[in-house]
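Asks: could you work out the structure for the sequence below:
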Amino acid sequence: MFHKILIANRGEIALRILRTCREMGIRTVVAHSTADAQSLPVRLADESICVGPASPQASYLNIASIISAAVVTDSDAVHPGYGFLAENPNFADICRACGLTFIGPAPEAIRLMGDKAQARVIARQAGVPVVPGSELPLKDENEAVEAAEGAGFPVMFKAAAGGGGRGMRIVRGRAEVPQAFAACQAEAGAAFGSSEIYCEKFIEAARHVEVQVLGDRNGMRVHLGERDCSVQRRHQKLIEESPAPSLSAETRSGLHKAALAAAAAVNYVSAGTVEFLVDADTGHFYFIEMNTRIQVEHPVTEAVTGLDLIREQIRIAAGEPLGFRQEAVRLDGHAIECRVNAEDPETFAPSAGRVTAWIPPGGFGVRVDSHLMAPYAVPPFYDSLLAKVIVHGRDRAEAIERMRRALVETRVEGIKTTIPFHLRVLADAAFVEGRFSSIDGARLTAG
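Replies: Below is the predicted model:
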């Protein structure tokens with residue numbers, strides 16, 4: 001087992017990793033920017049080291065600084081969390097070359113699944129259904145038109161190296177193609193350093209459902225059930241739950257088998273998530289991508305399985321076997337997570353400022369993952385996530401009521417947050433009855 005892990009991240013996920021490491025008897029080093037020098041993860045870590053100024057490019061995305069920090073602190077492994085360098089195969093390669101264990105999948109798997117167009121080909125070859133669309137990235141506007149007409153409007157143009165909702169456009173007719181294709185290319189190039197775009201059929205009444213998988217170096221792989229992430233805004237998830245509501249037993253089983261097939265196709269080792277669109281009308285599902293990292297919403301899976309996914313990541317990276325088979329996985333009750341962001345609940349514009357009071361909720365079946373303190377100045381340089389409120393209940397109805405109670409208790413003063421939005425969703429009849437899709441999520445976002 002590792003003696004010291006460098007945590008190459010910030011905020012709630014850095015704190016989440018730190019806590020599991022402490023329980024496992026592993027020392028931690030938090031790599032931080034100057035803006036996070038007084039943050040809670042830095043205060044609680046065994047050691048901390050500054051890796052650059054506030055700008056992510058100069059600190060959390062600075063591979064040379066991160067590697068140097070690991071070397072000078074005598075760390076033997078690096079946990080990247082999510083975002084930043086978590087899905088950067090070059091970073092994983094460099095860790096390997098420097099004798100550091102990257103706590104995540106092999107760089108080869110990250111590369112294969114990181115290119116979404118290539119991932120579609122891999123999934124199809126593994127027998128996993130994919131959304132109709134282009135096989136390869138589109139070279140120019142003419143190819144974009146041809147691919148869109150072949151798939152049938154409406155379609156979506158998506159960045160091949162994308163994520164987080166950037167580099168995506170819905171196109172409903174041929175006349176919209178040139179502008180949408182050019183906009184996607186520009187946004188993708190700026191956000192991901194690659195302007196490659198592919199096209200896929202846009203499914204109107206779609207549910208966004210993902211399956212959590214774990215794999216070890218011995219080829220053992222299991223799924224840990226699925227999560228529904230359909231309530232989003234600007235293609236960014238806001239509410240996640242497990243198990244996904246309103247799925248037939250056949251669809252649920254098919255999703256689990258398809259996720260394991262996709263993971264096996266790239267010899268996947270570590271924790272990963274295979275994401276699908278589920279047609280709410282027919283129950284047919286389609287592979288869209290695989291996230292080769294821990295997800296923001298992993299706590300809902302932890303709540304229904306009783307497994308610590310960070311612990312499993314670390315154990316697998318250290319070469320330990322998974323230690324259990326699929327039949328040992330038990331899914332109990334229902335869990336929901338609400339992301340509390342520093343944003344205006346009506347417009348979702350960022351709400352920077354100083355948190356003057358922070359009172360997290362508590363009580364039976366409630367968990368809060370947060371790096372918040374009071375007072376705390378919300379940095380304008382990073383993601384707006386402040387806290388994740390996670391609840392667990394015997395069933396979905398109890399989980400919804402428990403989440404309502406927890407959010408009403410939560411106090412974040414000095415800035416605006418998305419809590420009022422979440423309370424609106426939890427009171428919406430379509431959500432309560434499980435009759436929503438990602439399109440309904442956009443409606444709920446609009447209030």
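
Asks: how close does A144 get to A188?
Replies: In this structure, A144 lies at 13 Å from A188, with C-beta to C-beta, to the nearest Å as the measure. In short, each C-beta sits where N, CA and C put it, glycine included.

Asks: which other helices and strands contact the helix or strand where A147 lies?
Replies: When secondary structure is defined using DSSP states H and E, the element that contains A147 is helix 141-151. The criterion is 3 or more C-beta pairs under 8 Å, 6 or more residues apart in numbering; DSSP states H and E, and the helices and strands that helix 141-151 contacts are strand 155-159, helix 177-192, strand 197-201.

Asks: how about it, which residues are buried there?
Replies: The neighbour-count criterion (16 or more other C-beta atoms under 10 Å) identifies 143-145, 147-148, 151 as the buried residues of helix 141-151.

Asks: go on, stretch 381-392?
Replies: Burial within stretch 381-392, assessed by neighbour count using 16+ other C-beta under 10 Å, is assigned to 381-392.

Asks: report the inter-axis angle for the helix holding A147 versus strand 155-159.
Replies: Computed by axes from the mean of the first three to the mean of the last three C-alpha atoms, to 10 degrees, the angle separating helix 141-151 from strand 155-159 equals 130 degrees.

Asks: tell me the mean pLDDT over helix 141-151?
Replies: If you average the pLDDT over helix 141-151, you get 93.

Asks: now swap in stretch 51-59 and tell me
Replies: Throughout stretch 51-59, pLDDT has a mean value of 97.

Asks: need the pLDDT of the spatially most central residue of the chain.
Replies: Per C-alpha atoms, centre = their mean, the C-alpha nearest to the average position across the chain is that of Q295, at 3.5 Å. As predicted, Q295 sits at a pLDDT of 97.

Asks: for the one 10 residues further on, same thing?
Replies: At T305, the model reports a pLDDT of 98.

Asks: that one: how many residues sit nearby?
Replies: Neighbourhood size, T305 [other C-beta atoms under 10 Å]: 18.

Asks: three-state assignment of the closest residue to it other than its chain neighbours?
Replies: Of all residues not flanking T305 in the chain, L224 sits nearest, at 5.2 Å (C-beta to C-beta, 6 or more residues apart in numbering). Recorded secondary structure, L224: strand (DSSP: H, G, I helix; E, B strand; the rest coil).

Asks: need the contact list for L224.
Replies: For L224, the contacting residues are 212-214, 301, 305, 307, 309, 329, 331, taking C-beta atoms under 8 Å, 6 or more residues apart in numbering as the criterion.

Asks: which of these count as buried?
Replies: Buried residues within the contacts of L224, counting neighbours by 16+ other C-beta under 10 Å: 212-214, 301, 305, 307, 309, 329.

Asks: pLDDT weak spots in the stretch 201-350 of the chain?
Replies: Within the stretch 201-350 of the chain, not a single segment meets pLDDT under 70.

Asks: and the helices in it?
Replies: Secondary structure of the stretch 201-350 of the chain (DSSP state H, counting those that start in this stretch): helices at 249-265, 298-305, 309-317.

Asks: most neighbours per residue, which of these?
Replies: When neighbours are counted by mean count of other C-beta atoms under 10 Å, the highest per-stretch mean among the helices of the stretch 201-350 of the chain falls to helix 298-305, a mean of 24.

Asks: now the angle from that one to helix 309-317?
Replies: Using the same axes, to 10 degrees, helix 298-305 lies at 90 degrees relative to helix 309-317.

Asks: what number of residues lie near the nearest residue in space to E47 that is not next to it in sequence?
Replies: When the adjacent residues along the chain are set aside, E47 lies closest to V29, with 4.5 Å between them (C-beta to C-beta, 6+ apart). V29 has 24 neighbouring residues, counting by other C-beta under 10 Å.

Asks: near the nearest residue to A205 once chain neighbours are set aside, how many other residues are there?
Replies: Taking C-beta to C-beta, 6+ apart, and ignoring the residues beside it in sequence, A205 has A280 as its nearest neighbour in space, at 4.2 Å. If you count neighbours by other C-beta under 10 Å, A280 ends up with 21.

Asks: ditto for the one 5 residues further on
Replies: By other C-beta under 10 Å, the residues close to F285 number 23.

Asks: show me what contacts it?
Replies: Contact criterion C-beta under 8 Å, 6+ apart gives 129, 209, 251, 254-255, 258, 276-279 as the residues in contact with F285.
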